[in-house]
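Novice: no sequence for this one, just the structure:
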């Protein structure tokens, strides 16, 4: 994950959006520090793309306020557009142009002088390992190469804030990891990333903070570790060499679930360092623990628990 900065790259207060009677966003508050990766998770139809479209000035909210790179998205939209890049889940690549020509077109659209634009394109081809493919058209590219070209096109204008909407959809594991490394390098250079993804492990791997969006409302926000600790089911598993050690430990830990065949005790825990220290301090020094492992809920558990809970609340 990236190094946290204190200044805000993106802020939103009370964002609302509706289409007729359908409320898509119902009072969204966001604060994304500059130079970090912010992950937005939610089921299909939760409103993720609508938030991205508002923050990138493609549509206007019905209520609330938002600023990107210090510029108001409604009153100063042109300044916002000069600071951002947007890579959607559907590629913006022109398949009739070569990779290099696609990048040069973006340089022209960003009004870069010819010599500066060409140097920028050459640098991006090198950075994204596309030099050998520069003279070929995208239909000859692999899926990973197309996504790298798409992101490179976003970077031609040197944006300080990038909206990545499902950036690795359809990629194989190796290509996904390549994209992850590129994203980390961008943030290390000071870029702010606003990431929406359907892959929960991707958000866990990359994001400094995550918000879970459901039915147009943010139902939880925090670091990946903070969100996992909110969900029950975490535990510490203690394994013992013999039955006598298991018996002795079980007397000290009456809340634990024991497995006599496996010689283990499962102790409820949030997985934090504090609870681990408390557990170990409560055991007699004479009790020999053969092995210890910490098990915490993953983001899949968080996602389903929070969205299911919100659905239940809506239905009640």
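Specialist: On my side now, so go ahead. Just so it is clear, the structure is predicted and the values come from calculations on it, not from any experiment.
Novice: got the contact list for residue 133?
Specialist: Listed by CB atoms under 8 Å, 6 or more residues apart in numbering, the contact set of residue 133 reads 99, 140-141, 145. Quick note: C-beta positions are derived from backbone N, CA and C, even for glycine.
Novice: gap between the residue sitting furthest away from the middle of the chain and residue 129?
Specialist: Most distant from the centre of the chain: residue 244, at 46.4 Å, with distances by CA atoms, centre = their mean. Between residue 244 and residue 129 the distance, using CB to CB, to the nearest Å, works out to 59 Å.
Novice: how about the strands in the chain?
Specialist: 8-19, 22-33, 37-41, 63-68, 71-72, 84-87, 161-165, 192-196, 209-214, 217-222, 235-240, 257-259, 264-268, 289-295 (DSSP state E).
Novice: quick one: the fifth one to chain centroid distance?
Specialist: For strand 71-72, the distance from its own C-alpha centre to the chain's C-alpha centre is 24 Å (CA atoms, centre = their mean, to the nearest Å).
Novice: kindly report the same for the last one.
Specialist: The chain centre lies 30 Å from the centre of strand 289-295; the measure is CA atoms, centre = their mean.
Novice: ok, back up a step: most surrounded residue in the contacts of residue 133?
Specialist: residue 99 (29 neighbours; other CB atoms under 10 Å).
Novice: was I right to think that one contacts residue 141?
Specialist: Yes: with contact defined as CB atoms under 8 Å, residue 99 reaches residue 141; the gap is 7.4 Å.
Novice: mutual contacts of the two, please.
Specialist: Counting by CB under 8 Å, 6+ apart, the residues touching both residue 99 and residue 141 are 133, 149.
Novice: poorly predicted segments of the stretch 1-150 of the chain, please.
Specialist: 1-6, 89-91 (pLDDT under 70).
Novice: now do the helices in the stretch 101-250 of the chain.
Specialist: Counting by DSSP state H, counting those that start in this stretch, one finds helices in the stretch 101-250 of the chain at the ranges 114-127, 143-155, 173-188, 200-206, 224-229, 243-252.
Novice: who wins for proximity to residue 107 among the strands of the chain?
Specialist: strand 84-87 (13.4 Å; CB to CB).
Novice: now do that closest one: which elements does it pack against?
Specialist: Identification of packing neighbours for strand 84-87 by 3 or more CB pairs under 8 Å, 6 or more residues apart in numbering; DSSP states H and E yields helix 143-155, strand 161-165.
Novice: could you find the closest non-adjacent residue to residue 105?
Specialist: Spatial nearest neighbour of residue 105, excluding adjacent residues (CB to CB, 6 or more residues apart in numbering): residue 97 at 6.6 Å.
Novice: touching, that neighbour and residue 137? I think so.
Specialist: Yes: counting by CB under 8 Å, residue 97 does reach residue 137; the two are 6.9 Å apart.
Novice: ok so, going back, any idea which of the helices and strands packed on strand 84-87 is most buried?
Specialist: strand 161-165 (a mean of 23; mean count of other CB atoms under 10 Å).
Novice: isn't residue 162 up against residue 83?
Specialist: No: when contacts are counted by CB under 8 Å, residue 162 is not listed as touching residue 83 (10.0 Å).
Novice: any idea how far residue 58 is from residue 223?
Specialist: 29 Å.
Novice: typo on my end, residue 186
Specialist: Separation of residue 186 from residue 58 (CB to CB): 22 Å.
Novice: which one's more surrounded, those two?
Specialist: Between residue 186 and residue 58, counted using other CB under 10 Å, residue 186 has the larger neighbour count: 21 against 14.
Novice: quick one: contacts for the more buried one?
Specialist: 155, 162, 193.
Novice: is it possible to export those to TSV including distance to residue 104 and pLDDT?
Specialist: Listed next are the contacts of residue 186 as TSV, based on distance: CB to CB, whole Å; pLDDT from 0 to 100:
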residue	distance to residue 104	pLDDT
155	14	93
162	20	96
193	25	97
